[in-house]
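K.L.:
Mind folding the following:
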Amino acid sequence: MNGILIRNLEPEDALEAAALEQRAFGTPWSEKLISETIRQALDSRRKELEAEAPLKLSFGAIGAWKGTCLAGYLFAMIVAGEGELHRIAVLPEFRRMGIAGLLMEAFLSWMKERGTGAATLEVREGNLAAVSLYEKYGFQEEGRRKDYYRNPTEDARIFWLRKL
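P.N.:
Residues are numbered from 1 along each chain as shown. I've put the predicted structure just below:
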């Protein structure tokens, strides 16, 4: 995509990611949690290089930059061959530019490189833009969690992608 750089988040990106998080979510993660997640992803990358093989537990933290601005990010993990998308966010001023799609493609590639067979995620019932994105990439709804989200209270829709 024109002018968008996709790369792994590094510890020095945590403050900017936390600011984006505050703008994107009603119940945002703390800067400390974001920093820990980025460090876990960095540790996973180092351990994979040392082992020369995928890990049974691996963390991913991927960012999308428009110029020098962190426009979006994605946090994920792989556990025993299954991926889980934890967070995906794009700044409001950069939405509808294809950035979330680039992040999803990076997520799917990251999982395929590690031999992941399936992936799951959950999304607010009313987040129709996200639902549309996930369905575009082959995810299908398989369940719900009643009143899972707060600010506002909403059900979680649970999606799976069974074959990568």
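K.L.:
what separates the longest helix out of those in the chain from the chain centre, distance-wise?
P.N.:
For the chain, the helix that runs over the most residues, judged by DSSP state H, is helix 31-51. From the chain centre to the centre of helix 31-51 is a distance of 14 Å (C-alpha atoms, centre = their mean, to the nearest Å).
K.L.:
packing partners for the next helix or strand after that helix?
P.N.:
Past helix 31-51, further along toward the C-terminus, the next helix or strand under DSSP states H and E is strand 57-66. The contact analysis (3 or more C-beta pairs under 8 Å, 6 or more residues apart in numbering; DSSP states H and E) places strand 57-66 against strand 4-8, helix 31-51, strand 69-79, helix 99-113. Quick note: C-beta positions are derived from backbone N, CA and C, even for glycine.
K.L.:
Compute the inter-axis angle for strand 57-66 and helix 31-51.
P.N.:
110 degrees (axes from the mean of the first three to the mean of the last three C-alpha atoms, to 10 degrees).
K.L.:
which residues sit against strand 57-66?
P.N.:
3-9, 13, 17, 37-38, 40-44, 48, 70-80, 90, 94, 99, 102-103, 106-107, 110, 114 (C-beta atoms under 8 Å, 6 or more residues apart in numbering).
K.L.:
Compute the inter-axis angle for the longest helix of the chain and helix 99-113.
P.N.:
40 degrees.
K.L.:
Going forward, count from 59.
P.N.:
Noted, 59 is the first residue going forward, which turns the last one into helix 89-109.
K.L.:
where does the chain dip in pLDDT?
P.N.:
59 (pLDDT under 70).
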